[in-house]
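Asker: task: produce atomic coordinates for the following.
(one chain, ligands or ions: 1)
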Amino acid sequence: MSAPVITHVDETPAVTSLRRKDLLGIADLAPDEISLILDTAEAMKEIGSRPIKKVPALRGKTVVNLFFEPSTRTRTSFEIAEKRLSADTLNIASASSSVVKGETLADTALNLEAMQPDMIVLRHPSSGACHLLSRICRSAIINAGDGMHEHPTQALLDAFTIRERKKRLAGLKVAIIGDLLHSRVLRSNIHLLTKMGADVWVCGPPTLFPTDITRCGVRATSAIEEAVADADVIMLLRIQLERMEGAFLPSLREYFNVCGMTEARLRRAKPDVIIMHPGPMNRGVEIASEVADGPYSVILDQVANGVAVRMGVLYLLAGGVEHETAV
Ligand code: CP
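Answerer: Numbering: from 1, shown residues only. Coordinates of the predicted model:
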């Protein structure tokens, strides 16, 4: 699969707004829209360094954060992003909603819609849940992770973090290692990184390989030494035990022995490699603590950048340049 070569230094976003009502996945986005979000997030990051971290860009807008799965980073950073943009926000978790009484996702969304929110941020265990809401809701729908399908804002914050460190995405060797089968983070990252011209390698045990993965324009291997050799970026994926019904792995210890990221394996990568993980981490399973906490790790930078990227997405979906003077 050939991908356009776009770098941070020479790319100029050809667009000033997103060509869509919703952010459902990276698969839908054109490279110039991805660049626009990353550039907008850079401006948003500066707001986070001010003594008063608040701008009126989304004043009068209402955003509902509707989470049907646990989340620490995504839910919190969306809420901080919304507050920094002066939106009115409310958080609904499935356990405290009428979902526990049997209400469907569609009915829940339509009842929330009746109260005139402007945007709904949805995390849901079913792949495609955001597409359903997109069809029935007037509000902008932002996918905060749907089943094993996509997690677009995670891929955007990952790309932002890589671009911040490496000044480009095109031409970088990015090795993504772990539970490939169940990962929505993987799917969004493959879409994004291949669209932006990165050389993407995926690595995991054969039982956790999606069958059609090489059709996505990536190189695949089960040998971690091959995946990390001369890598610019190593991204570890969590072993998602909660999505595994069969015996995918002999044991977690065996997984760490075969695919775990250790300091010894790290030495095969480029000297300025960066280590990423979307979180939550299983220390001692997909990553050794010495690597997670070591000098190459940008894992907490990813979390910090999540706020700026989500501010950028919210701002652009709310109208972008219409609000330019407010930022
Ligand atoms: N990366 C990520 O989605 O983390 P949370 O599940 O904590 O939101």
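Asker: now do the strands in the stretch 1-150 of the chain.
Answerer: Taking DSSP state E, counting those that start in this stretch as the test, the strands found in the stretch 1-150 of the chain are 62-67, 88-93, 119-124, 140-146.
Asker: and the ones you listed as CSV, adding distance to the ligand and mean neighbour count?
Answerer: Where C-beta positions appear, they are placed from N, C-alpha and C, glycine not excepted. As requested, these are exported to CSV (distance: least, Cβ to the nearest ligand atom, whole Å; neighbours: other Cβ atoms under 10 Å):
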stretch, distance to the ligand, mean neighbour count
strand 62-67, 9, 22
strand 88-93, 13, 16
strand 119-124, 7, 26
strand 140-146, 6, 26
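Asker: which among the ones you listed is found nearest to Arg50?
Answerer: strand 88-93 (19.9 Å; Cβ to Cβ).
Asker: check which helices and strands the closest one is in contact with.
Answerer: When contacts are defined as 3 or more Cβ pairs under 8 Å, 6 or more residues apart in numbering; DSSP states H and E, strand 88-93 sits against strand 62-67, helix 73-84.
Asker: that strand pairs with which strands, parallel or anti?
Answerer: strand 62-67 (parallel) (DSSP bridges).
Asker: which parts of stretch 154-167 are buried?
Answerer: Of all the residues in stretch 154-167, those buried under the rule 16 or more other Cβ atoms under 10 Å are 154-166.
Asker: any chance of these in JSON lines, plus distance to the ligand, secondary structure and pLDDT?
Answerer: What follows is these, written out as JSON lines (distance: Cβ to the nearest ligand atom, whole Å; DSSP: H, G, I helix; E, B strand; the rest coil; pLDDT from 0 to 100):
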{"residue": "Gln154", "distance to the ligand": "5", "secondary structure": "helix", "pLDDT": "98"}
{"residue": "Ala155", "distance to the ligand": "10", "secondary structure": "helix", "pLDDT": "98"}
{"residue": "Leu156", "distance to the ligand": "12", "secondary structure": "helix", "pLDDT": "98"}
{"residue": "Leu157", "distance to the ligand": "9", "secondary structure": "helix", "pLDDT": "98"}
{"residue": "Asp158", "distance to the ligand": "10", "secondary structure": "helix", "pLDDT": "98"}
{"residue": "Ala159", "distance to the ligand": "14", "secondary structure": "helix", "pLDDT": "98"}
{"residue": "Phe160", "distance to the ligand": "14", "secondary structure": "helix", "pLDDT": "98"}
{"residue": "Thr161", "distance to the ligand": "12", "secondary structure": "helix", "pLDDT": "98"}
{"residue": "Ile162", "distance to the ligand": "16", "secondary structure": "helix", "pLDDT": "98"}
{"residue": "Arg163", "distance to the ligand": "18", "secondary structure": "helix", "pLDDT": "98"}
{"residue": "Glu164", "distance to the ligand": "18", "secondary structure": "helix", "pLDDT": "98"}
{"residue": "Arg165", "distance to the ligand": "18", "secondary structure": "helix", "pLDDT": "98"}
{"residue": "Lys166", "distance to the ligand": "21", "secondary structure": "helix", "pLDDT": "98"}
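Asker: how about the helices and strands packed on strand 88-93, which one is nearest Thr16?
Answerer: Nearest to Thr16 among these is helix 73-84; the distance by Cβ to Cβ comes to 20.2 Å.
Asker: any buried residues in the closest one, and which?
Answerer: 73-75, 77-84.
Asker: contacts with the ligand among the residues you listed, please.
Answerer: Residues of the buried residues of helix 73-84 in contact with the ligand (Cβ under 6 Å from any ligand atom): 73-74.
Asker: of the buried residues of helix 73-84, closest to Asn305?
Answerer: Using Cβ to Cβ, these come closest to Asn305 at Ser77, 9.1 Å.
Asker: and that closest one, what pLDDT?
Answerer: At Ser77, the model reports a pLDDT of 98.
Asker: now do the contacts for it.
Answerer: 303, 306-307, 310 (Cβ atoms under 8 Å, 6 or more residues apart in numbering).
Asker: buried members of those residues into PyMOL, please.
Answerer: Buried residues within those, by 16+ other Cβ under 10 Å, are selected in PyMOL with:
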select buried, resi 303+306+307+310
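Asker: now, the contacts of Ser77 that are in helices?
Answerer: Of the positions in those, 303, 306-307, 310 sit in helices, assigned by DSSP state H.
Asker: which of those lies closest to Val63?
Answerer: Arg310 (10.4 Å).
Asker: I figured the closest one hits Phe78, correct?
Answerer: Yes. Between Arg310 and Phe78 there is a contact at 5.2 Å, judged by Cβ atoms under 8 Å.
Asker: OK, contacts around the spatially most central residue of the chain?
Answerer: Centroid check for the chain by Cα atoms, centre = their mean gives Gln154 as the closest residue, at 1.0 Å. Gln154 makes contact with 74, 145, 184-185, 188-189, 278, 306, according to Cβ under 8 Å, 6+ apart.
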